[in-house]
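**Q** I would like the atomic coordinates for the input below:
(one chain, ligands or ions: 1)
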Amino acid sequence: MAIIRVEGIAKSYGTHQVHKDLTLSIERGECFTLLGPSGCGKTVLLRLIAGFETPDAGRISIDDTVVADPAAGIYIPPDRRGLGVVFQDYAVWPHLTVFDNVGYPLKIAKRPKNELKERVMESLEMVGMSGLERRLPSELSGGQQQRVALARALVANSSLMLLDEPLTNLDANLREEMRFEIKELQRRLNITVLYVTHDQEIALAISDRLAIMDDEGRIRQTGNPWQIFERPSDPFVFNFMGIANFVPVRRAGEAYLVGRGEQLIPWEPPKGDAAEWVAGFRPSDVQIAPQGIGLRGTVKRASFLGAMMDYLIEVDGAHLRTSIETHEAISKGLMFKEGETCVISFRDLLWFNAQSLTEVVKQ
Ligand SMILES: Nc1ncnc2c1ncn2[C@@H]1O[C@H](COP(=O)(O)OP(=O)(O)OP(=O)(O)O)[C@@H](O)[C@H]1O
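**A** Predicted coordinates:
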């Protein structure tokens, strides 16, 4: 059952239209991520749901209550939407202790002192910060400060949390640790989390479902991490989720030929009616060999990246990135030099229609 429903939302700033007819629903108890390039409108959407912005058109409901609907004159302010919110720039207050930081929303809501104390202590325990309540933020690490912000969002006992890039200011190790903690917390407390990020790895790691937004603020695909990564709906999603190769393929009678050349691609498109296709694959989907069956190519660039060898291979005018573990390359005699010829085959290949690629190539 949906806990958040966004229906046909539009939002502009001056002449800049950020959202146009955007529809989305988030199910109770899931961790849902909005993932998209910088500036695509993720934060604006979160702020619309939280109530810090009002839509120009459309309707937003939380828990079956309409919280924003300009046509019907409905707008419910943030503090009455029952949400916990952690924004990227929603820093902890430096002059307040951990206790006072976390208790602030309850103080504003004029909750009785004993209830406030009990709930602050509970929230601090949830994020593993018990015993540090008298400290000032300056006496905490970055990760601990982030946990204070999380505890402050949790203190309202909300079953719905909105998190906007809460890990951006942390170093790589801490970011990795915290993303598992957030996921763990979400499961343990059985809360719904709407998470906003432009980091693909975080999104894949924590989400039950995610929506991929493009630069125009449109949702390109919604699905679980496996569907988004393995079954992207279009080249934009495929490209956004990691390094992607795209190769033009054209039909010649019953056969399909690669690039501008005459080599046959040993895979068939799903439906045989179009004359032009684009085959998409990741560097790790390519197998490379000195000879054998497959497409013949030339190694244009060989880069040693530590754990991986990265090769750029030209096949009939198309340039393809491939990668192979350095250990495997050494043990199987697959250390190629620039200028050498090779043969490539595919572990996996996706087919896209030829027109859908132009917008990705443009970028
Ligand atoms: N208050 C505002 N006034 C004018 N323009 C705004 C305002 N808030 C956001 N925008 C514009 O709306 C667009 C979307 O911004 P938003 O912050 O939602 O992007 P984002 O996807 O969250 O990006 P990032 O990942 O970099 O945080 C941007 O072009 C931004 O400049």
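**Q** for Thr322, helix, strand, or coil?
**A** Following DSSP: H, G, I helix; E, B strand; the rest coil, we place Thr322 in the strand state.
**Q** Pull up the per-residue confidence for the residue sitting furthest away from the middle of the chain.
**A** Distance from the centre of the chain peaks at Gly253, with 41.0 Å (C-alpha atoms, centre = their mean). Per-residue confidence at Gly253 stands at 84 (pLDDT).
**Q** so what's the backbone phi/psi at the residue of the stretch 51-200 of the chain found nearest the ligand?
**A** Residue of the stretch 51-200 of the chain nearest the ligand, by C-beta to the nearest ligand atom: His198 (4.4 Å). The way it works is simple: take the backbone N, C-alpha and C, and place the C-beta from them, glycine included. With angles defined as degrees, to the nearest 10, His198 sits at phi -110, psi 10.
**Q** Helix, strand, or coil at the closest residue to it other than its chain neighbours?
**A** Computed as C-beta to C-beta, 6 or more residues apart in numbering, the closest residue to His198 that is not its neighbour in sequence is Ser38, at 5.5 Å. Following three-state DSSP, Ser38 is assigned to coil.
**Q** what about Ser38, neighbour count?
**A** Neighbour count of Ser38, defined by other C-beta atoms under 10 Å: 7.
**Q** one step back: measure the residue farthest from the centre of the chain to Ala275 for me?
**A** 11 Å (C-beta to C-beta, to the nearest Å).
**Q** just Leu349 next, same as before
**A** 18 Å.
**Q** higher neighbour count, those two?
**A** Higher neighbour count among Leu349 and Ala275: Leu349, with 19 against 11, using other C-beta under 10 Å.
**Q** what separates that one from the ligand, distance-wise?
**A** Going from Leu349 to the ligand by C-beta to the nearest ligand atom, to the nearest Å gives 31 Å.
**Q** does that residue really touch Gly280, like I thought?
**A** Yes - contact criterion C-beta atoms under 8 Å: Leu349 and Gly280 qualify, at 7.3 Å.
**Q** Give me the neighbour count for the nearest residue to Val66 once chain neighbours are set aside.
**A** Spatial nearest neighbour of Val66, excluding adjacent residues (C-beta to C-beta, 6+ apart): Ile74 at 5.3 Å. When neighbours are defined as other C-beta under 10 Å, Ile74 has 15 of them.
**Q** Now do Ile74 against Ser158, distance only.
**A** On the measure of C-beta to C-beta, Ile74 and Ser158 end up 21 Å apart.
**Q** And for Ile219?
**A** From Ile219 over to Ser158 the distance is 25 Å, taken as C-beta to C-beta.
**Q** cool, Ala289 as well?
**A** Ala289 is 56 Å from Ser158, where distance means C-beta to C-beta.
**Q** what stretches of the stretch 251-363 of the chain score poorly on pLDDT?
**A** Counting by pLDDT under 70, the stretch 251-363 of the chain shows low-confidence ranges at 272, 357-363.
**Q** the strands in it, which residues?
**A** If DSSP state E, counting those that start in this stretch is used as the criterion, the strands of the stretch 251-363 of the chain fall at 255-258, 276-281, 286-289, 295-304, 308-315, 318-325, 341-346, 350-353.
**Q** What residues of the second one count as buried?
**A** Neighbour-count burial for strand 276-281, with 16 or more other C-beta atoms under 10 Å as criterion, is recorded at 277-281.
**Q** Please apply the same query to the fifth one.
**A** The neighbour-count criterion (16+ other C-beta under 10 Å) identifies 308-313, 315 as the buried residues of strand 308-315.
**Q** That one - contacts with which helices or strands?
**A** strand 295-304, strand 318-325, helix 326-331, strand 341-346 (3 or more C-beta pairs under 8 Å, 6 or more residues apart in numbering; DSSP states H and E).
**Q** just to revisit the earlier point, tell me the one of the buried residues of strand 276-281 nearest the ligand?
**A** Relative to the ligand, the closest of those is Gly280; by C-beta to the nearest ligand atom it sits at 24.8 Å.
**Q** who in the stretch 1-150 of the chain is up against the ligand?
**A** 13, 18, 36, 38-44 (C-beta under 6 Å from any ligand atom).
**Q** ah, wrong one, I meant the stretch 151-300 of the chain
**A** His198.
**Q** what about 8 Å?
**A** 164-165, 196-198, 213, 217 (C-beta under 8 Å from any ligand atom).
**Q** Out of these, which end up buried?
**A** Buried subset of these (neighbour count, 16+ other C-beta under 10 Å): 164-165, 196-198, 213, 217.
**Q** what's the burial count for Leu154?
**A** The local packing of Leu154 (other C-beta under 10 Å) involves 23 other residues.
**Q** Tell me who's in contact with it.
**A** By C-beta atoms under 8 Å, 6 or more residues apart in numbering, the contact set of Leu154 is 84, 123, 126-127, 161, 189.
**Q** Now do it, the pLDDT please.
**A** On pLDDT, Leu154 comes in at 82.
**Q** if you skip the residues just before and after it, what's nearest to it?
**A** Ser123 (4.6 Å).
**Q** Wait, that neighbour touches Ala151, no?
**A** Yes - assessed by C-beta under 8 Å, Ser123 is found in contact with Ala151 at 4.1 Å.
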